[in-house]
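Colleague: here you go, sequence then predicted model.
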There are 2 protein chains.
Amino acid sequence: MAQKVKLSTIAETLGVSTATVSLALRDSPLVALATRDRIKEQARALGYIYNRRAASLRTSRSGIIGVVVHDIMNPFYGEILKAIESELDRDRQTFILSNHYDSVEKQRNFIETLLQLGGDGVIMSPAIGTPPEDILLAEDNGMPAILIARSIDGLDVPIFRGDDSYGISLATNHLIGLGHRVIAMVGGTDQTSTGRDRYQGYVNALRKANIEVDPGLRIPGPRSKQGGFEAAVHFLSLPQKPTAAVCWNDLVAIGLMNGIARAGLVPGRDVSVTGYDDLEEAAIATPSLTTVWNGQSEVGRSAARALLDKLSGSHEPDGIHLIKPEMRIRQSTGPLKHNGHDAA
Amino acid sequence: MAQKVKLSTIAETLGVSTATVSLALRDSPLVALATRDRIKEQARALGYIYNRRAASLRTSRSGIIGVVVHDIMNPFYGEILKAIESELDRDRQTFILSNHYDSVEKQRNFIETLLQLGGDGVIMSPAIGTPPEDILLAEDNGMPAILIARSIDGLDVPIFRGDDSYGISLATNHLIGLGHRVIAMVGGTDQTSTGRDRYQGYVNALRKANIEVDPGLRIPGPRSKQGGFEAAVHFLSLPQKPTAAVCWNDLVAIGLMNGIARAGLVPGRDVSVTGYDDLEEAAIATPSLTTVWNGQSEVGRSAARALLDKLSGSHEPDGIHLIKPEMRIRQSTGPLKHNGHDAA
DNA sequence: ATAGTTTAAATAAACGATTTAAACGTCGCA
DNA sequence: TGCGACGTTTAAATCGTTTATTTAAACTAT
């Protein structure tokens, strides 16, 4: 590697000052057009690489934005991340991604690292049990935070998420409309605001239809295919013999359908199953999955936009922003059959 | 936000110099133990945050490592990334992740950004058509690169990947052993070294069993579930009536099985299907997927290790490092039936 | 011509850490 | 008493930018 090329290298070879070079490269009108061109050309010729650490040391803007979610490989977050990525890209911001796997400690480490790097802001789907102090740590050090998907009590940072309660009630109503009365709710946890909202949506829909709510029909569990797959055994052995399941998300639903199929039943005919999120995969599952679109792309896009706006000093997008979910009806749900799920 | 706390803040409140504080916080034996403790305590009390940009400006080590792959949401890369993450975490390195979606330009932008941020090194699965210069750009500017999963011709940076040719021949042999003779190869491209290697493995296995190779049985396509799903139509309408498919990866295989099921055939009975990678999902698919484990975790772990070693000046791990794949036999493959795939 | 403007470029002081060489105080020992 | 040695601390230079302030030169208007 040859000697590092810096502003002063360009300046010296051209016989101007570093100030002029700095301004020229950023196309400042303070530098004569001819000089600007000469400088830019030379920078290219020498293979100059802009040193952001030096610049941001001076300007205290790094162009770095952190994004931390439970698990970036989870397709639900994946779709949000894609939206965030394309929005940030447009503003030429670099983004640093991380999983917290619901470890508060891992999340705090990430926030600290981001602060050390001089991150301009952070978008996060907070880990379960995140203490408000951890968010305040960021805010107090001049790094604004935006929440997505999950909220934290007692904190008024802007948050963007789908309307979970409403969304789940859509799915539940759909099943009720098909004649189902014994409807289980599979997967997820009640430890997050999301979890409580979803359960509430399920309960509300049942109540409105005058169906008694049976807590025994709530089967919590991991929010993964594996989780759904494993829940199938429990589901099929419930004494109440549910004829339908409202699942936490598409992954759980697909896992559950696999588990049901493994037991010789046909999902969509013997048991109705709804998902949540409307991942790409939902449409090509067998049977294709009836689900609820949760506005992931919209959540990601607006969260990123909100952060960028905040950074550029425009308006303050505080408060909760709910995205309205929509029903997607496919083959995994069907009218109630009379003999319950031991049909086959 | 209160006034920023820096080394000098600590120094002043304690009546020592910044040099002492700097050394103390890094536990240098040059500073008396009592002083060290006093300083660390004060740092904590004031909520001091280490400024990495300032430090790395001076030291030219940033603690940042870049990782760029085709698509971080692809579970194949996901498993590699998890391994990299845990290896880098151990060395307290921050890593910056990015997709290139096989856009050479996006990839080059990433490398440039990383250079600007002073990245210490980069681990990449290069985009299709990556010119060697793009890798050299990194190397020439003091940022060593390690390749994973895919190689680039005419470049001798270290690379870690599974032995694709061998792996696919395992799968093909398995099918041949079950009596299959008309075996299609579904998904992927021949534009990458990986693609050519895999096709070679398939061809080799057929030749060794004295089966004529029919190029019409090669169905290239996207490496996704969607791709496999869509390939099903083509597959089922081939005049050669294949009884088995060697798929590019598990995603394609699962998609293909879905497509086959949609057409009323039973994968594993009417048509045998093999995957590649052995993702978590393979075990819970219906039917469970016969596949080839491709050593993702091993690839990620050793690539990260190699980079860290290189950075700390130990040995040079140059050249190709092949990980040996292993067969995982499950329900999606079975003995040949006599009437081809129009059985049902 | 002369003072007043504009325009273009240069000077020099930050930004917040690290690091080398030098300074300081204390002590032991001749 | 004086000297070197040792353990501790510090002053000052440095990393590569940005930017407020100056300076210099070139026009303008009177």
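Modeller: Yes, it's here.
Colleague: with adjacent residues omitted, what lies nearest to the spatially most central residue of chain A?
Modeller: Closest residue to the average C-alpha location of chain A: A:Tyr77 at 3.8 Å, with Cα atoms, centre = their mean. Computed as Cβ to Cβ, 6 or more residues apart in numbering or on different chains, the closest residue to A:Tyr77 that is not its neighbour in sequence is A:Val69, at 4.5 Å. Backbone N, C-alpha and C define where each C-beta goes, glycine included.
Colleague: hang on, isn't the one you found packed against A:Tyr101?
Modeller: No: the pair A:Val69 / A:Tyr101 is not scored as a contact, 9.8 Å apart, by Cβ atoms under 8 Å.
Colleague: in chain A, which spans are helices?
Modeller: A:7-14, A:18-25, A:33-46, A:52-59, A:75-90, A:104-116, A:132-140, A:164-177, A:193-208, A:225-236, A:250-262, A:280-284, A:296-311 (DSSP state H).
Colleague: in CSV, list the ones you listed along with mean pLDDT.
Modeller: Shown next, in CSV, are the helices of chain A (pLDDT from 0 to 100):
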stretch, mean pLDDT
helix A:7-14, 96
helix A:18-25, 97
helix A:33-46, 97
helix A:52-59, 97
helix A:75-90, 94
helix A:104-116, 97
helix A:132-140, 96
helix A:164-177, 98
helix A:193-208, 95
helix A:225-236, 95
helix A:250-262, 94
helix A:280-284, 89
helix A:296-311, 96
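Colleague: possible to save the ones you listed as JSON lines with distance to B:Gln331?
Modeller: Below are those laid out as JSON lines (distance: least, Cβ to Cβ, whole Å):
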{"stretch": "helix A:7-14", "distance to B:Gln331": "64"}
{"stretch": "helix A:18-25", "distance to B:Gln331": "61"}
{"stretch": "helix A:33-46", "distance to B:Gln331": "59"}
{"stretch": "helix A:52-59", "distance to B:Gln331": "53"}
{"stretch": "helix A:75-90", "distance to B:Gln331": "25"}
{"stretch": "helix A:104-116", "distance to B:Gln331": "37"}
{"stretch": "helix A:132-140", "distance to B:Gln331": "46"}
{"stretch": "helix A:164-177", "distance to B:Gln331": "31"}
{"stretch": "helix A:193-208", "distance to B:Gln331": "34"}
{"stretch": "helix A:225-236", "distance to B:Gln331": "14"}
{"stretch": "helix A:250-262", "distance to B:Gln331": "10"}
{"stretch": "helix A:280-284", "distance to B:Gln331": "20"}
{"stretch": "helix A:296-311", "distance to B:Gln331": "33"}
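Colleague: among the ones you listed, which is the most enclosed?
Modeller: Each of the helices of chain A was scored by mean neighbour count; the highest is helix A:250-262, a mean of 26, by mean count of other Cβ atoms under 10 Å in any protein chain shown.
Colleague: now that helix against helix A:164-177, angle please.
Modeller: Using axes from the mean of the first three to the mean of the last three Cα atoms, to 10 degrees, the inter-axis angle of helix A:250-262 relative to helix A:164-177 is 30 degrees.
Colleague: show me the beta-bridge partners of the residue lying closest to A:Asn294 once chain neighbours are set aside.
Modeller: Sequence neighbours aside, A:Gly162 is the residue nearest to A:Asn294 in space, at 4.1 Å (criterion: Cβ to Cβ, 6+ apart). Note on A:Gly162: beta-bridge partners by DSSP bridges are A:Ile323.
Colleague: is it true that A:Gly162 touches A:Leu322?
Modeller: Yes: with contact defined as Cβ under 8 Å, A:Gly162 counts as touching A:Leu322 (7.1 Å).
Colleague: who has more neighbours, these two?
Modeller: A:Gly162 (24 against 16; other Cβ atoms under 10 Å in any protein chain shown).
Colleague: so how far is stretch A:292-312 from its chain's centroid?
Modeller: In terms of Cα atoms, centre = their mean, to the nearest Å, the centre of stretch A:292-312 is found 10 Å from the chain centre.
Colleague: same check on stretch A:59-74?
Modeller: 12 Å.
Colleague: okay, how far is it across that stretch, tip to tip?
Modeller: End-to-end span of stretch A:59-74 (Cα to Cα, to the nearest Å): 36 Å.
Colleague: now do stretch A:320-336
Modeller: Stretch A:320-336 has an end-to-end distance of 38 Å (criterion: Cα to Cα).
Colleague: now it: buried residues?
Modeller: Residues of stretch A:320-336 classed as buried by neighbour count (16 or more other Cβ atoms under 10 Å in any protein chain shown): A:His321, A:Leu322, A:Ile323, A:Pro325, A:Arg328, A:Arg330, A:Ser332, A:Thr333, A:Gly334, A:Leu336.
Colleague: ok so, going back, a markdown table for the helices of chain A, including distance to DNA strand C?
Modeller: Listed next are the helices of chain A as a markdown table, based on distance: least, Cβ to the nearest atom of the strand, whole Å:
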| stretch | distance to DNA strand C |
| --- | --- |
| helix A:7-14 | 7 |
| helix A:18-25 | 3 |
| helix A:33-46 | 4 |
| helix A:52-59 | 4 |
| helix A:75-90 | 25 |
| helix A:104-116 | 9 |
| helix A:132-140 | 15 |
| helix A:164-177 | 42 |
| helix A:193-208 | 36 |
| helix A:225-236 | 44 |
| helix A:250-262 | 43 |
| helix A:280-284 | 45 |
| helix A:296-311 | 18 |
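Colleague: which one of those lies nearest to B:Ile96?
Modeller: helix A:104-116 (11.0 Å; Cβ to Cβ).
Colleague: A:Asn294: neighbour count?
Modeller: 27.
Colleague: and it, what's its pLDDT?
Modeller: For A:Asn294, the model assigns a pLDDT of 94.
Colleague: can you check A:Ala2 too?
Modeller: pLDDT at A:Ala2 comes out at 64.
Colleague: same deal with A:His341?
Modeller: Looking at A:His341, its pLDDT stands at 49.
Colleague: do the same with A:Thr291
Modeller: Listed pLDDT for A:Thr291 reads 98.
Colleague: in space, what's closest to it - neighbours in sequence excluded?
Modeller: Leaving aside its sequence neighbours, A:Thr291 sits nearest to A:Gly275 (Cβ to Cβ, 6+ apart; 3.6 Å).
Colleague: isn't that neighbour right up against A:Ser288?
Modeller: No: between A:Gly275 and A:Ser288 there is no contact, the gap being 10.2 Å when judged by Cβ under 8 Å.
Colleague: these two: which is more packed in?
Modeller: More neighbours surround A:Gly275 than the other of A:Gly275 and A:Ser288, with 32 against 18 (other Cβ under 10 Å).
Colleague: what separates that one from A:Arg198, distance-wise?
Modeller: 13 Å (Cβ to Cβ, to the nearest Å).
Colleague: also A:Ile176?
Modeller: 16 Å.
Colleague: go on, A:Leu7?
Modeller: Counting by Cβ to Cβ, the separation of A:Leu7 from A:Arg198 is 55 Å.
Colleague: same question for A:Gly264.
Modeller: Counting by Cβ to Cβ, the gap from A:Gly264 to A:Arg198 is 30 Å.
Colleague: one step back: I figured the residue nearest to the centre of chain A was touching A:Val68, is that so?
Modeller: No: counting by Cβ under 8 Å, A:Tyr77 does not reach A:Val68; the two are 10.2 Å apart.
Colleague: dump the residue contacts of A:Pro132.
Modeller: By Cβ atoms under 8 Å, 6 or more residues apart in numbering or on different chains, the contact list for A:Pro132 reads A:Ile152, A:Asp153, A:Gly154, A:Leu155.
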